[in-house]
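Engineer: pasting a predicted model and its sequence here:
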Amino acid sequence: MIKKTNYVILLLILIQYTNYAQYNFEVAFPNLTFSSALDLQNAGDGSDRLFAVERSGVIKVFPNQSTVNTTKTFLNITDRVTSGGETGLLGLAFHPNYETNGYFYVNYTAPSPLRTIISRFSVSSTNPDSADKNSELILLTYDQPYSNHNGGCVAFGPDGNLYIAAGDGGSGGDPQNNAQNITNLLGKIIRIDVDNPQVPLNYGIPADNPFVDSTNVNIRKEIYAWGLRNTWRFSFDPVTGWLWAGDVGQGDWEEVDIIQNGKNYGWRCYEGNHPYNLSGCNGVYENPIWEYSHSLGFSISGGYVYRGENVPELYGKYICGDYVSARVWAIDYDGINPATSTQITTAPGSITSFGVDENNELYLVSFNGKIYRFTPTIVPVELISFNATIVEGKVRLDWYTATETNNSGFTIQRSTDGATYENIFFIGGNGTSTTRNVYSYLDESVSSGFYYYRLKQVDFDGSFEYLNVVAVDLGTPKEFVLEQNYPNPFNPRTVINYQVPVEGLISIKVYDVLGNEIKTLVDEQKSPGIYSVELDATQLTSGIYFYKLSSGTFNSTRKMILLQ
Ligand SMILES: [Ca+2]
Ligand SMILES: [Ca+2]
């Protein structure tokens with residue numbers, strides 16, 4: 001029994017919500033193994049297929065189902081690709097209108113001389129799982145002076161243009177000073193318009209490329225940004241449109257950049273935020289938004305801003321990793337304040353790339369032949385707060401969630417002893433949501449005393465968990481109260497709650513319909529408080545009974561029904 005004499009509002013957070021996300025990776029397609037996979041893309045055509053890019057020059061297609069056990073060869077251009085080390089088929093991008101035009105774009109290295117080729121291919125007119133190998137239209141080529149640092153990423157931006165990562169050409173320290181030289185395409189992010197070719201080119205120069213108006217014919221008008229060493233994977237955040245890039249460092253620092261039109265990202269003057277070779281460096285350089293030293297890894301693999309639903313805690317964070325150490329980080333950056341990072345896991349194998357499916361769920365491509373995905377978070381609902389306040393003698397409950405997954409809703413439960421709860425109301429949830437949701441409920445069925453409330457969060461599949469508990473003290477009863485018993489009708493036990501405002505002798509007796517006294521439930525001195533007593537009617541026969549509370553001049557009688 002609970003007895004409270006002060007009237008102070010108590011707000012007790014008795015149980016902290018202590019579920020934490022599991023940021024582990026699991027094999028996404030256990031029956032599939034790839035050979036030197038470097039990229040994973042989707043076609044954005046509603047087919048929910050995935051396309052894995054193998055370094056040798058093969059693109060494999062398969063349905064996005066964990067049980068899949070075979071792939072089909074979408075494209076095989078091994079006869080045109082030189083591969084090994086940092087060379088090979090390095091990138092794939094589907095045209096934003098792929099569903100209607102069937103165009104996709106690749107970035108690969110070809111031999112004699114070693115060069116990068118950016119090409120367009122078309123899907124077969126009769127087989128959606130096969131490309132027409134003879135449809136190749138070469139858009140752009142540039143020679144590679146060394147076998148390493150070939151960039152390789154291709155992706156369409158929200159502006160519909162094709163962006164291409166070109167490394168600085170290779171060797172170490174950018175000996176040809178390519179990245180700072182705007183008369184070649186090495187060490188750049190290139191941007192071209194594949195839909196509006198400007199003869200004799202097979203592409204157009206977007207009107208707002210930074211050097212488009214330059215009369216210097218030597219300056220490459222395809223340049224979008226420069227000063228990059230070897231951007232290994234960039235991506236566009238589908239929500240903000242920001243271009244996130246991982247730029248591989250030289251000997252000490254790996255960096256993440258937000259790439260903007262016409263900006264110089266510093267290499268080979270700077271490695272990360274640190275001077276590398278300042279000879280001739282008098283430009284304006286953009287700092288990375290985040291960097292890590294070679295105590296944590298040796299080669300960044302840029303990823304994606306997570307916009308999926310399976311791991312709500314990571315929504316909006318940039319997920320990237322290190323090829324060598326296999327550490328995976330979540331970067332939080334709002335464009336104003338310094339980025340913060342959290343290492344969220346270590347991958348099971350070397351990270352060559354990340355990829356997303358049509359639902360923006362994230363995958364990790366490993367050089368070990370497997371593709372991984374996050375194990376979906378076990379936390380269905382992230383509750384931010386749950387409070388109880390007393391408003392004119394009633395209890396108002398307020399809570400809000402940061403994220404919800406498969407949330408059918410909340411059953412509000414109340415208890416007077418903190419141990420036994422009864423359901424008092426159900427409020428529907430927001431299913432799956434990554435925005436803040438606010439809930440409130442006013443409990444008018446309270447008078448005085450001490451109450452506990454808790455939230456039982458229920459999933460659509462019926463599974464549930466208990467969230468926070470809060471407690472409130474409505475103080476000493478102001479008058480005698482004899483509540484209706486519950487359950488009622490009953491068999492054979494029922495509970496009677498009553499309230500005592502002043503100290504005195506309390507009597508509760510049970511009578512039959514003829515007025516015969518059947519049983520004494522309470523007959524003792526009581527101090528002010530809220531009480532309950534149980535009636536065990538095992539020895540009684542079915543029928544109507546009365547129970548009466550008496551104290552001094554106060555009397556109250558209620559009817560109850562025993563159904564045996
Ligand atoms: Ca190279
Ligand atoms: Ca830089």
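Structural biologist: In hand now; what should we look at? Numbers count the residues shown, from 1 in each chain. Ligands and ions are numbered 1, 2, ... in the order given.
Engineer: this protein: helices as residue ranges?
Structural biologist: 98-101 (DSSP state H).
Engineer: this protein - how does it break down into domains?
Structural biologist: 12-17+379-473, 29-374, 481-562 (automatic domain parsing).
Engineer: and the last one, end to end?
Structural biologist: This points to domain 481-562. End-to-end distance of domain 481-562: 22 Å, with C-alpha to C-alpha, to the nearest Å as the criterion.
Engineer: which parts of the stretch 101-250 of the chain sit against ligand 1?
Structural biologist: 144, 146, 149-150, 169-170 (C-beta under 5 Å from the ion). (C-beta placed from N, C-alpha, C; glycine too.)
Engineer: most neighbours among these, please name it.
Structural biologist: N150 (29 neighbours; other C-beta atoms under 10 Å).
Engineer: state the pLDDT value of that one.
Structural biologist: Looking at N150, its pLDDT is 98.
Engineer: distance of it relative to N437?
Structural biologist: Here N150 is placed at a distance of 47 Å from N437 (C-beta to C-beta, to the nearest Å).
Engineer: swap in E313?
Structural biologist: Separation of E313 from N437 (C-beta to C-beta) stands at 16 Å.
Engineer: which parts of the chain sit against ligand 2?
Structural biologist: With the criterion set to C-beta under 5 Å from the ion, the chain comes near ligand 2 through 265-266.
Engineer: now whichever strand in the chain runs longest - C-alpha only, CSV.
Structural biologist: Under DSSP state E, the strand in the chain containing the largest number of residues is strand 394-415. Presented in CSV, the C-alpha positions along strand 394-415 are these (Å, rounded to 0.1, in the frame of the first residue of the first chain):
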residue,chain,number,x,y,z
LYS,A,394,-5.1,15.6,-13.2
VAL,A,395,-2.0,14.0,-14.7
ARG,A,396,-0.7,15.1,-18.1
LEU,A,397,1.8,12.8,-19.8
ASP,A,398,4.0,14.2,-22.5
TRP,A,399,6.6,12.3,-24.5
TYR,A,400,8.3,12.5,-27.9
THR,A,401,10.3,10.3,-30.1
ALA,A,402,13.3,11.0,-32.4
THR,A,403,12.7,8.0,-34.6
GLU,A,404,10.2,5.2,-34.9
THR,A,405,10.4,1.9,-36.7
ASN,A,406,7.2,-0.2,-37.2
ASN,A,407,5.6,1.5,-34.2
SER,A,408,2.0,0.6,-33.9
GLY,A,409,1.7,2.8,-30.9
PHE,A,410,1.9,3.2,-27.1
THR,A,411,-0.2,1.6,-24.4
ILE,A,412,-0.2,3.9,-21.4
GLN,A,413,-0.1,2.0,-18.2
ARG,A,414,-0.8,3.2,-14.7
SER,A,415,0.1,1.7,-11.3
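Engineer: helices and strands around that strand, which ones?
Structural biologist: Where contact means 3 or more C-beta pairs under 8 Å, 6 or more residues apart in numbering; DSSP states H and E, strand 394-415 is packed against strand 381-391, strand 422-433, strand 437-443, strand 450-459, strand 464-473.
Engineer: so who does the residue lying closest to S36 once chain neighbours are set aside touch?
Structural biologist: Computed as C-beta to C-beta, 6 or more residues apart in numbering, the closest residue to S36 that is not its neighbour in sequence is R55, at 3.9 Å. R55 is in contact with 35-38, 83-84, 88-90, counting by C-beta atoms under 8 Å, 6 or more residues apart in numbering.
Engineer: still on that earlier bit, go through the domains of the chain and pick out the most buried.
Structural biologist: Counting by mean count of other C-beta atoms under 10 Å, domain 29-374 has the highest mean neighbour count of those, with a mean of 19.
Engineer: and the pLDDT at the closest residue to L278 other than its chain neighbours?
Structural biologist: Distances taken as C-beta to C-beta, 6+ apart place C269 nearest to L278, at 5.6 Å, with adjacent residues excluded. In this model, C269 is scored at 98, pLDDT.
Engineer: spit out the contact partners of C269.
Structural biologist: 180, 227, 275-278, 281, 283, 285.
Engineer: in strands only, show me the residues you listed.
Structural biologist: Filtering those for strands - DSSP E - leaves P275.
Engineer: mind listing what M560 touches?
Structural biologist: For M560, the contact set (C-beta under 8 Å, 6+ apart) comprises 484-485, 488-490, 494, 544-547.
Engineer: check what pLDDT it gets.
Structural biologist: At M560, pLDDT is 96.
Engineer: now E444
Structural biologist: 89.
Engineer: contact partners for it?
Structural biologist: Residues in contact with E444, defined by C-beta under 8 Å, 6+ apart, are K394.
Engineer: do the same with the one 4 residues further on
Structural biologist: Neighbouring residues of S448 by C-beta under 8 Å, 6+ apart: 474-478, 499, 530.
Engineer: where in the stretch 51-200 of the chain is pLDDT low?
Structural biologist: Along the stretch 51-200 of the chain, no part satisfies pLDDT under 70.
Engineer: and stretch 306-318, how far apart are its ends?
Structural biologist: 6 Å.
Engineer: tell me the pLDDT at N437?
Structural biologist: 90.
Engineer: so what's it bridging to?
Structural biologist: The partner list for N437 in beta bridges (DSSP bridges) reads T401.
Engineer: what would the domains of the chain look like in JSON lines with distance to Y23?
Structural biologist: Converted to JSON lines, the domains of the chain look like this (distance: least, C-beta to C-beta, whole Å):
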{"stretch": "domain 12-17+379-473", "distance to Y23": "11"}
{"stretch": "domain 29-374", "distance to Y23": "4"}
{"stretch": "domain 481-562", "distance to Y23": "46"}
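Engineer: residues of the stretch 401-550 of the chain that sit close to ligand 1?
Structural biologist: Going by C-beta under 5 Å from the ion, none of the residues of the stretch 401-550 of the chain are near ligand 1.
Engineer: excluding chain neighbours, give the residue nearest to the closest residue to ligand 1 within the stretch 401-550 of the chain in space.
Structural biologist: Using C-beta to the ion, the closest approach of the stretch 401-550 of the chain to ligand 1 is made by T434 at 40.6 Å. Residue nearest to T434 in three dimensions, not counting chain neighbours: Y315, with 4.8 Å by C-beta to C-beta, 6+ apart.
Engineer: contacts only, for that neighbour.
Structural biologist: 306-308, 403, 434.
Engineer: check T520 too.
Structural biologist: Listed by C-beta under 8 Å, 6+ apart, the contact set of T520 reads 507-510.
Engineer: between those, which is nearest ligand 2?
Structural biologist: Distance to ligand 2, by C-beta to the ion, is smallest for I508 among the contacts of T520, at 80.8 Å.
Engineer: Q564 versus the closest one, what's the distance?
Structural biologist: For I508, the distance to Q564 - C-beta to C-beta - is 22 Å.
Engineer: cool, and L467?
Structural biologist: 39 Å.
Engineer: give the contact list for Q343.
Structural biologist: If a contact means C-beta under 8 Å, 6+ apart, then Q343 has 327-329 as its contacts.
Engineer: so which of the residues you listed are in strands?
Structural biologist: 327-329.
Engineer: from these, pick the one nearest ligand 2.
Structural biologist: W329 (17.5 Å).
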